[in-house]
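In: Attaching a predicted model along with its sequence, questions to come.
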Amino acid sequence: MAKDFYATLGVSKTADDKQIKAAYRKLAREFHPDVNPNNPQAAEKFKEISAAYEVLSDAEKRKLYDQFGENYDKIPPGYENYGPQSGGFPGANFPGGNVNFGGAGINLEDLFAQAQRQGGTANVNFGGGGGGLSDVFGSIFGGGRRRGSERGGDVEQTVEISFRESIAGTQTRQNFVIRGENGREDKRDVTVKIPPLISDGATVKVSGKGASSSSGGPNGDLFLKVRVRPDSFWKRDGLNLEIEVPVAFHEAALGAQIRVPTQSGEVGLKIGAGTQSGQKIRLSGRGLKDPKTGKTGDLFVVVKVVVPKNLSASERELIEKLAAESAQNVREGLPKAL
């Protein structure tokens, strides 16, 4: 059964390059041998996916595939615009059994009869290009030379960095085992530069470090998906930073002046009386700075009111006195049931 590369990737024949690439990456992640060790079915599926993407991601190969099917790579140069749809090949007409190659009328019966009488193979000049019949018809119907060497497939791997490395940028050396479409495994020793302010899930391209080609062509590319390890204190949203800061019960109730960390050092922050736990306080311009645009984000301080666990006798007495004098019902308005 003829292979349908579009069906293999699960896309329509009108799919654009972006849709084809997205479909390939999704399937490659699902069926990659590294994710499915000792699974020959997944390995075979991965080969089919890689072969389909190699053709459909190349504009020239895709055009030939759409016209000639899976034997696209057996069509000789110069025949791209001809085929079953056009009714013939360049310089070839078939009126009444005669063949006209480059303007020379030839009767096929006479041609083969002459070759048989001479005890050899008839060589015919097709519009100026020398070559035997076996070269031309073999190329068209499956026995000809393949087109140029094909490029290896692209590969996606994951690299993990710290939160601080994601902000400042870093250079890391990684070792990968890359499995190509033909099942061959190649070791890749890769030194990659991670740019500053990279986000979790972003991709860094390393040219020529992907899968090797089964036909002697250049390697594919390696795409490194960056995973940023969470930090114990800091969170990031674009250029904005966020940090949770503990605040004592009396500081939240009465208000206080405290010190909070920023990217460049501690600064003073005023906590208003009655500040609630979970409340965010914004410090404008204290976030990250984009070196390309010069834009600076903000710092958001999230207040965490800390209730004391171990009270002294005098502290307990004061809180009990506060409770006795307080008329506030903090649960007012809650429903009695669902």
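Out: Now that the structure is in, tell me what you want to look at. Residues are numbered from 1 along each chain as shown.
In: Mind listing residues that contact the helix or strand encompassing His250?
Out: Using DSSP states H and E, His250 sits in helix 249-254. By CB atoms under 8 Å, 6 or more residues apart in numbering, the residues outside helix 249-254 that reach it are 256, 258, 271, 273-277, 303, 305-308. C-beta coordinates here come from the backbone N, C-alpha and C atoms, glycine included.
In: any idea how far Ile20 is from Asp154?
Out: The gap separating Asp154 from Ile20 is 12 Å, by CB to CB, to the nearest Å.
In: for Lys26, same thing?
Out: 11 Å.
In: Looking at those two, which has the bigger crowd around it?
Out: Per other CB atoms under 10 Å, whichever of Lys26 and Ile20 has more neighbours is Ile20, with 19 against 13.
In: can I assume that one sits in a strand?
Out: No. Applying DSSP: H, G, I helix; E, B strand; the rest coil, one finds Ile20 to be helix, outside a strand.
In: where does it land on pLDDT?
Out: As summarised for this prediction, Ile20 has a pLDDT of 92.
In: tell me the contacts of it?
Out: 9, 11, 53, 56-57.
In: separation between it and Asn310?
Out: For Ile20, the distance to Asn310 - CB to CB - is 64 Å.
In: coming back round to it: please indicate which of the contacts of helix 249-254 are buried?
Out: Using 16 or more other CB atoms under 10 Å as the burial test, the contacts of helix 249-254 include 256, 258, 271, 275, 303, 305 as buried.
In: in terms of contact, does the fifth one touch Thr275 like I think?
Out: Yes. The pair Val303 and Thr275 qualifies as a contact (CB atoms under 8 Å) at a distance of 5.5 Å.
In: how about stretch 8-20: buried residues?
Out: Buried, per 16+ other CB under 10 Å, within stretch 8-20: 8-9, 11, 15, 20.
In: Identify the farthest-apart pair in the residues you listed.
Out: Using CB to CB, those span at most 12.2 Å, a distance reached by Thr8 and Ala15.
In: now the helices for the protein?
Out: Along the chain, counting by DSSP state H, helices occupy 5-9, 17-31, 40-56, 59-68, 108-117, 133-141, 163-168, 249-254, 313-325.
In: Quick one: those as JSON lines, columns for distance to Ser214 too.
Out: JSON lines is the format used below for the helices of the chain (distance: least, CB to CB, whole Å):
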{"stretch": "helix 5-9", "distance to Ser214": "16"}
{"stretch": "helix 17-31", "distance to Ser214": "17"}
{"stretch": "helix 40-56", "distance to Ser214": "9"}
{"stretch": "helix 59-68", "distance to Ser214": "15"}
{"stretch": "helix 108-117", "distance to Ser214": "38"}
{"stretch": "helix 133-141", "distance to Ser214": "21"}
{"stretch": "helix 163-168", "distance to Ser214": "37"}
{"stretch": "helix 249-254", "distance to Ser214": "67"}
{"stretch": "helix 313-325", "distance to Ser214": "76"}
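In: Tell me which of those helices sits nearest to Pro218.
Out: helix 40-56 (12.1 Å).
In: Ala323 and Asn329: what is the separation?
Out: From Ala323 to Asn329 the distance is 12 Å (CB to CB).
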